[in-house]
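Participant: Next come a sequence and a model predicted from it.
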Amino acid sequence: MLLLLNGGRDDIAGIADRIWYPVWDSGAELDHAVRTVPQARRVARTDLKVALGLLSARHVAGDPDLTERLRAGALEDWRAAAPTRLAELHAAHDERARTSGELAFLLEPDLKEARGGLRDVHAIQAVAAAWVAPAPGPKVRTAYEQILDARHALHEITGRRLDRLVLEEQDEVARALGLLDGDVLLRMLAGAARTIAYAVDHAFRQSDRLTSRPGGGRRLRRRPAERRPLADGVVEQDGEVVLARAADPASDPPLVLRAAAAAAQAGLPLAPRTLDRLTECPPLPVPWPAAARDALLSLLGAGHAAVGVWEALDTEGLVTALIPDWERVRNRPQRNPLHTYTVDRHLAEAAAHAAALTREVARPDLLLLAALLHDVGKGWPGDHSVTGEVVARDVVRRIGLPAADVELVASAVRLHLLLPMVATRRDLDDPVTVKQVATAVGSRALLELLHALAIADGLATGPAAWNDWKATLVADLVRRVEAVLDGEPMPEPAPLREDQLALAAEGGPAATVLGSEVTVVAPDRPGLLWRAAGVLASHRLAVRSANATSVGATAVSVFDVEPEFGDPPDATLVAADLRRMLKGQLDVEDRLDRRARAVRPRAAAVPAPKVSLVDDASDTATVVEVRAHDAPGLLWRVGRALGECGLDVRAARVETLGAEAVDVFYVTDGEGHKILDQERLHTVCETITAELQAVTHGGA
């Protein structure tokens, strides 16, 4: 746009003709206007495109004072109307993203209009001009220059003012930029676009705070921002996740994953300054400590809320610091029209879809890891399922999984295409087909993983890759193969150690707290397990696993706990409260209800809880399996629901895998018998489900 600015001269029309006609005669395209300073400001007040142009106006020739008057006036108008103009800007950005897509994932991207493109940098500059957010930093400026260089090369090669980088021009543009080929060019552009997209999202979060204030006006004085703890060393502030004042990244390797998991579970973004500080975290030891592994699983288990957090980590190189093999698939384009995303983003999307299926598998933790790694072999030559098995095995060993779990994940990666391929290409009525699949899979545990992985992979690929027809065929194949394979036994309570047996022999009541292990011993009576869990929850101790069993007439409950954030509570106080509970002197429910009212509901969308009865798992007890997203007081709620149904927990095996609780309870009626009444069993499941749904929706 070329603006002929004047002070109100009568002969301006003739001057304009003498300028424009030679340009038109040369064949050049010219977007032009003739205005005075007041006229230009009036137009800018109603036209967002003109307003943005004036914010970055450059003086070409003539009276520089006239140009400066316009620039200063336009900037003054922009800031005065910032709440309204920034809301318009954000709406325009969202519309461009909707119509032009994301530059990072397009095989023929629009370098200017797509999300993460040149216009988004102009948007950041406009937000900064309103004194709401910082101007583009060095990383964004570098990314901007990379995209701008590609656009200039495209113009020179085609001789036209094109912004869409079509397939047939990519190799030549790459060579003009000194790159190997079009794939390398697309990887470079994807990385640049992601950097810009993250920055523009942050800028709009800052501007939205201004536009959402009562009255839309500015506050000259801001009260100190409230900081709400989310995890150890991690807090929420101003709608973003930041580090606590006492956090020390340089001495806390798992902090990067803990912060990311807290952000995803809360449905909040990581603040840019937080990402900068997280780069100070030293490398995790190999194998990873359990806390880091749990944090990764909690991050992935947040579903689609995890994708933005994962992208933010990736812009800072934090993902490759955690998983070095990730570099081979980072920003790698997929020359396949079925695929919506680059390889790395596809893997993150697959993990997000897998999080919605965690209730359908015995090992939700392994499903999330398999989904994250199923296409990791695409960074190496050859069959990506074969190379992926090798890479996945190395990665999960690094993460610290036991050998049997390592092999299960590696097998899932190697066979992740098996079910869709057989279901759509073979005769499912042929017994040989089913037998071959059963032989290849070998266990129901792996079959479950492969079924869920096929769904997650298909949904993450794109709308053309998964449909009802394919889903039905795969489900039919799985049903047939299940009939051939043996089921897996339900987990039972682990045997007690000698010291625990000795404590049980004394009969109790007793409670000990030794580091992360809490042991409660008392004469067996209904409600001991869940009341003890309630005491622990009231002290902000998260139960990572629990083992409940009986030795004669004595109940023994062993909990593995960790503080939700901050330092552990005083072990003496915890043990004292447990003993008070055993004597009936502590109102656990009141404590937890008061705490629940102060807890912010979870923002991340999670699958609905699942309560099921396991037939034939025990001859003497009814086995209830509970699958749910972990939450403070979850074990208390489940146990209370069982108590309301008049049931006694004879034994239990409780396990938290990342953010997923997988709990098995062996229950009997008041007379110690297995429940056979189907109507009563149905009521039990409904009662527990209602309690779990209250947790999901933030109820007390």
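Facilitator: All right, it came through fine. Numbering: from 1, shown residues only.
Participant: contacts and neighbour counts: CA atoms only from here.
Facilitator: OK.
Participant: For this protein, which residues score under the pLDDT cut-off?
Facilitator: Within the chain, the ranges that satisfy pLDDT under 70 run 211-225, 596-604, 695-700.
Participant: Tell me where it has strands.
Facilitator: 2-6, 32-36, 227-231, 234-237, 240-243, 510-514, 517-523, 541-551, 554-563, 610-613, 622-629, 648-657, 660-668 (DSSP state E).
Participant: Between strand 2-6 and the second one, find me the angle.
Facilitator: Spelled out, it's strand 32-36. Orientation of strand 32-36 against strand 2-6 (axes from the mean of the first three to the mean of the last three CA atoms, to 10 degrees) gives an angle of 20 degrees.
Participant: got it, and the longest one?
Facilitator: Note on geometry: by the same axes, to 10 degrees, strand 541-551 and strand 2-6 are set 140 degrees apart in direction.
Participant: Which of the residues in strand 541-551 are classified as buried?
Facilitator: Within strand 541-551, the residues scored as buried using 16 or more other CA atoms under 10 Å are 541-550.
Participant: any idea how far that strand is from the chain center?
Facilitator: Here strand 541-551 is found 29 Å from its chain centre; the criterion is CA atoms, centre = their mean, to the nearest Å.
Participant: quick thing: my sequence starts at 40, can you match it?
Facilitator: With the count now opening at 40, the last piece we talked about shows up as strand 580-590.
Participant: Now do that strand against strand 593-602: the angle between them, please.
Facilitator: 160 degrees.
Participant: quick one: contacts of strand 580-590?
Facilitator: Applying CA atoms under 8 Å, 6 or more residues apart in numbering, the contact partners of strand 580-590 are 532-533, 540, 543-544, 563, 568, 572, 575-576, 594-603, 607, 671, 689-696.
Participant: which of these count as buried?
Facilitator: Counted by 16+ other CA under 10 Å, the contacts of strand 580-590 give 532, 543, 563, 568, 572, 575-576, 594-603, 671, 689-696 as buried.
Participant: Relative to G623, tell me which of the strands of the chain wins on proximity.
Facilitator: strand 556-562 (12.2 Å; CA to CA).
Participant: which of the residues in that closest one are buried?
Facilitator: Those buried within strand 556-562 under the rule 16+ other CA under 10 Å are 557-562.
Participant: Please name the strands paired to it in the sheet, noting orientation.
Facilitator: Under the criterion DSSP bridges, strand 556-562 sits next to strand 549-553 (antiparallel), strand 593-602 (antiparallel) in its sheet.
Participant: hmm, who's touching it?
Facilitator: 539, 542-543, 546-552, 571, 592-600, 617, 621.
Participant: ok so, going back, so which of the strands paired with strand 556-562 gets nearest L386?
Facilitator: Closest among those, using CA to CA: strand 593-602, at 30.4 Å.
Participant: neighbouring contacts of the closest one?
Facilitator: Residues contacting strand 593-602 (CA under 8 Å, 6+ apart): 543-544, 546-547, 555-564, 567-568, 579-589, 607-608.
Participant: Kindly reformat the strands paired with strand 556-562 as a markdown table containing distance to K649.
Facilitator: Compiled in a markdown table, these are given as follows (distance: least, CA to CA, whole Å):
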| stretch | distance to K649 |
| --- | --- |
| strand 549-553 | 32 |
| strand 593-602 | 23 |
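Participant: Of those, which is nearest P103?
Facilitator: Among the strands paired with strand 556-562, strand 593-602 comes nearest to P103, with 64.0 Å by CA to CA.
Participant: Just the CA trace of that closest one, in PDB.
Facilitator: Output of strand 593-602 as PDB, limited to C-alpha atoms (Å, rounded to 0.1, in the frame of the first residue of the first chain):
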ATOM      1  CA  THR A 593      -6.300 -57.900  61.500                       C
ATOM      2  CA  ALA A 594      -6.500 -55.600  58.500                       C
ATOM      3  CA  VAL A 595      -3.200 -54.300  57.000                       C
ATOM      4  CA  SER A 596      -3.200 -51.300  54.600                       C
ATOM      5  CA  VAL A 597       0.000 -50.200  53.000                       C
ATOM      6  CA  PHE A 598       0.100 -46.900  51.100                       C
ATOM      7  CA  ASP A 599       2.800 -45.500  48.900                       C
ATOM      8  CA  VAL A 600       2.300 -41.700  49.000                       C
ATOM      9  CA  GLU A 601       3.900 -38.500  47.800                       C
ATOM     10  CA  PRO A 602       3.100 -34.800  48.600                       C
END
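Participant: Okay, angle between that strand and strand 266-270 too, please.
Facilitator: Inter-element angle recorded for strand 593-602 and strand 266-270: 130 degrees (by the same axes, to 10 degrees).
Participant: what about strand 593-602, distance to the chain center?
Facilitator: Offset of strand 593-602 from its chain centre (CA atoms, centre = their mean): 31 Å.
Participant: okay, the angle between that strand and strand 687-696?
Facilitator: Regarding strand 593-602 and strand 687-696, their directions subtend 20 degrees when assessed with the same axes, to 10 degrees.
Participant: Which residues are in contact with H71?
Facilitator: 40-43.
Participant: now, which of the residues you listed sits nearest D702?
Facilitator: Among the contacts of H71, M40 lies closest to D702 (CA to CA), at 65.3 Å.
Participant: wouldn't V348 be in contact with R297 here?
Facilitator: No: between V348 and R297 there is no contact under CA atoms under 8 Å: 11.7 Å.
Participant: what's I235 in contact with, if anything?
Facilitator: Per CA under 8 Å, 6+ apart, neighbours of I235: 155-156, 159-160, 179, 182-183.
Participant: Just give me the closest of the residues you listed to R267.
Facilitator: Nearest to R267 out of the contacts of I235 is V179 (CA to CA; 30.1 Å).
Participant: Pull the number of nearby residues for that closest one.
Facilitator: Per other CA atoms under 10 Å, the neighbour tally for V179 reads 22.
Participant: do you know how far the nearest residue to it once chain neighbours are set aside is from P403?
Facilitator: Spatial nearest neighbour of V179, excluding adjacent residues (CA to CA, 6 or more residues apart in numbering): I235 at 5.7 Å. Distance, I235 to P403, using CA to CA, to the nearest Å: 34 Å.
Participant: and P308, how many neighbours?
Facilitator: P308: 24 neighbours (other CA under 10 Å).
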